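Trainee: the following block contains a protein sequence and its predicted model.
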Amino acid sequence: QVQLAESGGGLVQAGGSLRLSCSASGSIFSITAMGWYRQAPGKQRDLVAIISSSGSTNYADSVKDRFTISRDNAKNTVYLQMNSLKPEDTAVYYCKGINVYSSGTSYSRSYWGQGTQVTVSS
């Protein structure tokens, strides 16, 4: 069984910064990609940023130049550094492990974390 656990959310003023972390645990052989998604009340869950095992990244246009995703493959951990936060960044942020191969298996699946609340006050 694989579990993802996020941390680092909270309340911050506009213009401030937060750093989210997400660690995957369990019998993991490899994780193809890890990503951060967010969901505001009444809206769909959207991609924020994603990083491959080789370090290739992709960002939503709304967070480019403000957010940075990074990854520690040895620790199966992904980070999201969020700078210049805006009230519209307020949402529950979810971590996703994409194509996670468990040890001793030949198939993969994706896993979600439980989410962490980020609130940006104006």
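Mentor: Now that the structure is in, tell me what you want to look at.
Trainee: can you give me every residue that contacts residue 107?
Mentor: residue 101 (CB atoms under 8 Å, 6 or more residues apart in numbering). All C-beta spots, glycine's among them, are computed from the backbone N, C-alpha and C.
Trainee: please redo it, this time with the cut-off set to 10 Å
Mentor: Listed by CB atoms under 10 Å, 6 or more residues apart in numbering, the contact set of residue 107 reads 99, 100, 101.
Trainee: quick one: which of those residues sit in strands?
Mentor: Among these, the members falling in strands (DSSP state E) are 99, 100, 101.
Trainee: surely the first one touches residue 35?
Mentor: No. Checked against CB atoms under 10 Å, the pair residue 99 and residue 35 is beyond contact range at 11.2 Å.
Trainee: stretch 100-115: how far from the chain's middle?
Mentor: 15 Å (CA atoms, centre = their mean, to the nearest Å).
Trainee: and it, what's its mean pLDDT?
Mentor: The average pLDDT for stretch 100-115 rounds to 92.
Trainee: that older thread, could you single out the nearest of the ones in strands among the contacts of residue 107 to residue 93?
Mentor: Among the ones in strands among the contacts of residue 107, residue 100 lies closest to residue 93 (CB to CB), at 19.0 Å.
Trainee: show me the contacts for that closest one.
Mentor: 2, 4, 24, 26, 28-34, 76, 107-111.
Trainee: likewise for residue 31?
Mentor: Neighbour list for residue 31: 2, 4, 24, 52-53, 71, 73, 76, 78, 97-101, 108, 110-111 [criterion: CB under 10 Å, 6+ apart].
Trainee: show me which of those are buried.
Mentor: Among the contacts of residue 31, those scoring as buried are 2, 4, 24, 71, 76, 78, 97, 100, 101, 111 (criterion: 16 or more other CB atoms under 10 Å).
Trainee: need those residues in JSON lines with secondary structure and distance to residue 41, can you?
Mentor: Below are those laid out as JSON lines (DSSP: H, G, I helix; E, B strand; the rest coil; distance: CB to CB, whole Å):
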{"residue": "2", "secondary structure": "coil", "distance to residue 41": "28"}
{"residue": "4", "secondary structure": "strand", "distance to residue 41": "22"}
{"residue": "24", "secondary structure": "strand", "distance to residue 41": "27"}
{"residue": "71", "secondary structure": "strand", "distance to residue 41": "29"}
{"residue": "76", "secondary structure": "coil", "distance to residue 41": "30"}
{"residue": "78", "secondary structure": "strand", "distance to residue 41": "25"}
{"residue": "97", "secondary structure": "strand", "distance to residue 41": "25"}
{"residue": "100", "secondary structure": "strand", "distance to residue 41": "29"}
{"residue": "101", "secondary structure": "strand", "distance to residue 41": "35"}
{"residue": "111", "secondary structure": "strand", "distance to residue 41": "24"}
